[in-house]
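Visitor: Generate a structure from the sequence data that follows.
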Amino acid sequence: MEVTFNKLIPELSVSDIEKSRAFYLSLGFQVVYERREDKFCFLELDGNQLMIEEVNDHWNTATLEYPYGRGVNFSMELSDLDKMYRNVKENNYPIFRDMKVDEYRVDDKIYRDREFLIQDLDGYLLRFVD
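Guide: The predicted structure is shown next:
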């Protein structure tokens with residue numbers, strides 16, 4: 001299988017690889033490949049790529065405490081934001097920031113994004129936009 005890698009791929013340390021894997025699959029991510037012996041999984045959804053790996057002290061710069069990833073959110077553009085929103089609601093996943101339209105100025109142009117945010121099982125903020 002030929003894998004095309006994005007130039008930037010976040011790798012998230014997770015507390016329980018099996019629970020996190022199931023969570024991301026329930027959101028619609030697909031497993032591209034995994035190394036179960038390393039408790040590692042490479043995931044993709046609509047061109048958005050993430051790696052998750054159970055905490056192993058290889059990458060820790062300090063003690064991890066919930067919520068992981070404080071101060072960062074991962075913005076993922078989706079072709080069907082409404083489908084993801086319905087999926088999140090149907091699974092009763094808590095919404096960190098409900099669906100809204102945000103405006104962002106880039107030089108003299110205003111961009112509008114519909115977006116909502118949830119937290120994964122370890123507290124990472126996932127921002128879904130269209």
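Visitor: Over to residue 21. Which of the three states is it?
Guide: The assignment at residue 21 comes out as helix when based on DSSP: H, G, I helix; E, B strand; the rest coil.
Visitor: List the contacts of it.
Guide: Residue 21 makes contacts with 31, 34, 41, 52, as judged by Cβ atoms under 8 Å, 6 or more residues apart in numbering. Quick note: C-beta positions are derived from backbone N, CA and C, even for glycine.
Visitor: Out of those residues, which is nearest to residue 115?
Guide: Closest approach between these and residue 115, by Cβ to Cβ: residue 52, at 22.2 Å.
Visitor: Quick one: neighbours of the closest one, just the number.
Guide: As a burial measure, residue 52 scores 24 neighbours (other Cβ atoms under 10 Å).
Visitor: Just the element for it, please.
Guide: strand 48-54 (DSSP states H and E).
Visitor: quick one, what contacts the residue nearest to residue 50 when sequence neighbours are not counted?
Guide: Closest residue in space to residue 50, ignoring its immediate chain neighbours: residue 43 at 4.9 Å, by Cβ to Cβ, 6 or more residues apart in numbering. For residue 43, the contacting residues are 24-25, 29-32, 49-52, by Cβ under 8 Å, 6+ apart.
Visitor: Assumed residue 43 was part of a strand.
Guide: Yes. The assignment for residue 43 (three-state DSSP) places it in a strand.
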